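Novice: build me a structure from this.
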Amino acid sequence: MTTAGRVIGPARLDVIVEDITTLDVDAIINAANESLLGGGGVDGAIHRAAGPQLLAECRALKGCATGDARITGGYRLLARHVIHTVGPVWRGGWSGEDKLLASCYRSAIALAQAHNLQSIAFPAISTGVYRFPAADAARIAVTTVIDALREAPSVSQVLFCCFSNDSARLHRQALLEIPRARAQ
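Specialist: So this is what the prediction gives:
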């Protein structure tokens with residue numbers, strides 16, 4: 001696992017290339033679909049690794065709107081919780097995709113704070129089959145997380161857990177480009 005990070009206020013932000021299902025953190029964030037019942041990509045991997053209890057708990061939640069988030073147990077994962085958030089499908093940028101993606105990160109951070117979680121890990125939400133442009137998604141992820149951390153004093157570590165070196169490079173670049181005033 002290679003990291004490249006930055007301390008932002010009381011929190012440390014790191015970028016890693018790793019299998020998110022193997023992380024020992026308070027919560028991993030799942031890039032879910034609206035049903036919360038599993039799917040492809042990171043969503044399917046999390047459901048397979050967590051086991052059938054996760055699916056049972058997700059069924060009881062009865063879905064989640066795009067941009068919102070829900071929390072469940074982690075079951076067979078090392079992570080104690082899974083925060084499920086539904087990212088937007090890219091439709092060319094004219095359907096509020098940026099705002100919906102930012103809402104995913106804000107909602108997940110708010111749930112982490114509400115449950116007094118200290119360490120969380122995000123995948124690159126919406127950049128797989130939902131086709132959100134990766135560079136834009138990384139910029140939105142980093143800037144939104146930094147802004148949301150102002151209201152989340154319990155969160156002391158945020159990992160951007162990327163699926164590829166290219167995705168990690170974009171997240172590292174976004175971290176480096178944050179104006180100092182915004183990061184304070």
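Novice: please count neighbours and contacts with C-alpha atoms only from this point.
Specialist: Fine.
Novice: what about I140, neighbour count?
Specialist: I140 has 20 neighbours, counted by other C-alpha atoms under 10 Å.
Novice: which ones are touching it?
Specialist: The contact partners of I140, taken as C-alpha atoms under 8 Å, 6 or more residues apart in numbering, are D98, L101, A102.
Novice: quick one, which of those are buried?
Specialist: By neighbour count, with 16 or more other C-alpha atoms under 10 Å, the contacts of I140 hold D98, L101, A102 as buried.
Novice: would you turn those residues into JSON lines with distance to V86 and pLDDT?
Specialist: Listed next are the buried ones among the contacts of I140 as JSON lines, based on distance: C-alpha to C-alpha, whole Å; pLDDT from 0 to 100:
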{"residue": "D98", "distance to V86": "13", "pLDDT": "98"}
{"residue": "L101", "distance to V86": "8", "pLDDT": "98"}
{"residue": "A102", "distance to V86": "11", "pLDDT": "98"}
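Novice: now the strands: where do they sit in this structure?
Specialist: Listed in chain order, the strands of the chain (DSSP state E) span 4-8, 11-17, 27-32, 69-73, 81-86, 119-122, 157-162.
Novice: run through who's touching the shortest one.
Specialist: Residues from elsewhere that reach strand 119-122 (C-alpha under 8 Å, 6+ apart): 20, 25-30, 112, 155-161.
Novice: what's the angle between the top helix by length along the chain and strand 81-86?
Specialist: Using DSSP state H to define each element, the chain has its longest helix at helix 97-114. Using axes from the mean of the first three to the mean of the last three C-alpha atoms, to 10 degrees, the direction of helix 97-114 lies 160 degrees away from that of strand 81-86.
Novice: distance from helix 97-114 to the middle of the chain?
Specialist: From the chain centre to the centre of helix 97-114 is a distance of 8 Å (C-alpha atoms, centre = their mean, to the nearest Å).
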